[in-house]
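Q: Coordinates only, no sequence provided:
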């Protein structure tokens, strides 16, 4: 445990829980391989720490979003495992880091193919085809052109062809079956190559979504990949914030900016040292709860930049220096916090700020 000042909040990250989640997903993905998606600094939890833990557990495929993330991850985990960059990069921009670009346009295919032919060494890459997201990936016209002339890939060592599911977290959404069919049709027109298909939720959709490589992200970090069912993943994070001060207020007294909450009874207010500058979302104002030793503590007033207030009237034992669990306790898992904030667990995790003391559980 790092040294913690009495006024500092602590973000605890359970690396063995992340590894256990990956192993559970790896068993589900068999016989295909299962990657670790560690973009956005490991979903806010530290890509270097998460990457090293997953590599030690046997993970040999990683995905990041940007070149800088890939370079930092390579420095953290060393040579060997594949690190794919979803946003791609120009030939040679990765230096000697041996990263794998995801090619999203025919222009990118042409650039890497030309570089491979010029050097005499085919450039490793993953080809992304769009089957319904309308974001990155070859569109229908580009795919048709490539299917008609596979020689455009000469100079590219194509490791996988991939696509991305739009609605996998809704099991019955018709888009899932439509994308599976489109992906199968796209692959039929390309050279025989391994496929990379399912994300976290996609891994729970059944055999039609199995492939040579799955790439879970959110599920590794404890976010529920099956929102209509109980969460099969272990919880990974806990945020404990110190109470800086408690005070008694009379009925009719307002709390915080905008006087958005007014006491209806004699109330005891606890102010904790976390706010929206720490990624504790302002939209949680008047909606969230914290946990204190198994008991629920309601948030009152607005979340401000550095401070948040809670009603501890029914918990007279709480005093300055005690800590409330803002994320990770009963009623305040990342998914529950997300529901209270009107967002998704991904945003809750990736918003976590840099001011926390980070305590990594390693064994």
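A: Yes, it's here. For clarity, every value in this text was computed on a predicted model and none was experimentally measured.

Q: going forward, measure contacts between C-alpha atoms and count neighbours the same way
A: Noted.

Q: Would you indicate which residues of the longest strand along the chain are buried?
A: Using DSSP state E, we find that the single longest strand of the chain is strand 237-249. Residues of strand 237-249 classed as buried by neighbour count (16 or more other CA atoms under 10 Å): 237, 238, 239, 240, 241, 242, 243, 244, 245, 246, 249.

Q: do the same with stretch 83-97
A: In stretch 83-97, counting by 16+ other CA under 10 Å, buried: 83, 84, 85, 86, 88, 89, 91, 94, 97.

Q: Work out the gap between it and the centre of the chain.
A: 21 Å (CA atoms, centre = their mean, to the nearest Å).

Q: Same check on stretch 13-28?
A: On CA atoms, centre = their mean, the centre of stretch 13-28 falls 14 Å from that of its chain.

Q: And stretch 74-82, by the same measure?
A: 20 Å.

Q: in that stretch, what's buried?
A: Applying a neighbour-count criterion of 16+ other CA under 10 Å, one finds 74, 77, 81, 82 buried in stretch 74-82.

Q: for these, which one is nearest residue 292?
A: Residue 292 lies nearest to residue 77 out of those, by CA to CA, at 37.4 Å.

Q: show me the contacts for the closest one.
A: Contacts for residue 77 (CA atoms under 8 Å, 6 or more residues apart in numbering) come out as 48, 51, 52, 55.

Q: is it true that residue 142 lies in a strand?
A: No. Assigned with DSSP: H, G, I helix; E, B strand; the rest coil, residue 142 falls outside any strand and is helix.

Q: check contacts around the closest residue to it other than its chain neighbours.
A: Nearest residue to residue 142, sequence neighbours excluded (CA to CA, 6 or more residues apart in numbering): residue 106, at 6.4 Å. By CA under 8 Å, 6+ apart, the contact set of residue 106 is 138, 142, 146.

Q: same question, residue 51
A: Contacts of residue 51 (CA under 8 Å, 6+ apart): 36, 38, 42, 73, 76, 77.

Q: ok, 10 Å please
A: 15, 19, 36-38, 41-42, 57, 59, 62, 73-74, 76-77 (CA atoms under 10 Å, 6 or more residues apart in numbering).

Q: Quick one, which of those residues are buried?
A: Burial by neighbour count, judged by 16+ other CA under 10 Å, picks out 15, 19, 36, 37, 38, 41, 42, 59, 62, 73, 74, 77 from the contacts of residue 51.

Q: Count residues in the vicinity of residue 168, would you?
A: Residue 168: 24 surrounding residues under other CA atoms under 10 Å.

Q: Can you tell me, leaving aside adjacent residues, what's nearest to residue 175?
A: residue 167 (6.4 Å).

Q: Is it correct that the one you found is in contact with residue 200?
A: No. Using CA atoms under 10 Å, residue 167 is not in contact with residue 200, being 11.4 Å away.

Q: More neighbours: which of these two?
A: For the pair residue 167 and residue 200, the greater number of neighbours falls to residue 200 (23 against 17), based on other CA under 10 Å.

Q: doesn't residue 213 make contact with that one?
A: No. Between residue 200 and residue 213 there is no contact under CA under 10 Å: 11.9 Å.

Q: where does this structure dip in pLDDT?
A: Judged against pLDDT under 70, the chain has no low-scoring part.

Q: For it, which segments count as helices?
A: With DSSP state H as the criterion, the chain has helices at 15-29, 39-43, 47-57, 67-77, 106-119, 140-148, 174-188, 334-341, 345-350.

Q: circling back to that earlier point, please produce a markdown table containing the buried residues of strand 237-249, extended by distance to residue 279.
A: Below are those laid out as a markdown table (distance: CA to CA, whole Å):
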| residue | distance to residue 279 |
| --- | --- |
| 237 | 14 |
| 238 | 14 |
| 239 | 11 |
| 240 | 13 |
| 241 | 13 |
| 242 | 16 |
| 243 | 18 |
| 244 | 19 |
| 245 | 21 |
| 246 | 23 |
| 249 | 28 |
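
Q: ok, which pair from the residues you listed is furthest apart?
A: 237 and 249 (33.2 Å).

Q: The residue nearest to residue 350 when sequence neighbours are not counted: how many residues sit nearby?
A: Distances taken as CA to CA, 6+ apart place residue 44 nearest to residue 350, at 4.2 Å, with adjacent residues excluded. By the criterion of other CA under 10 Å, residue 44 has 19 neighbours.

Q: Wait, residue 44 touches residue 346, no?
A: Yes. Taking CA under 10 Å as the definition, residue 44 is a contact partner of residue 346 at 9.1 Å.

Q: Overlap in contacts, those two.
A: Contacts common to residue 44 and residue 346, judged by CA under 10 Å, 6+ apart, are residue 221.
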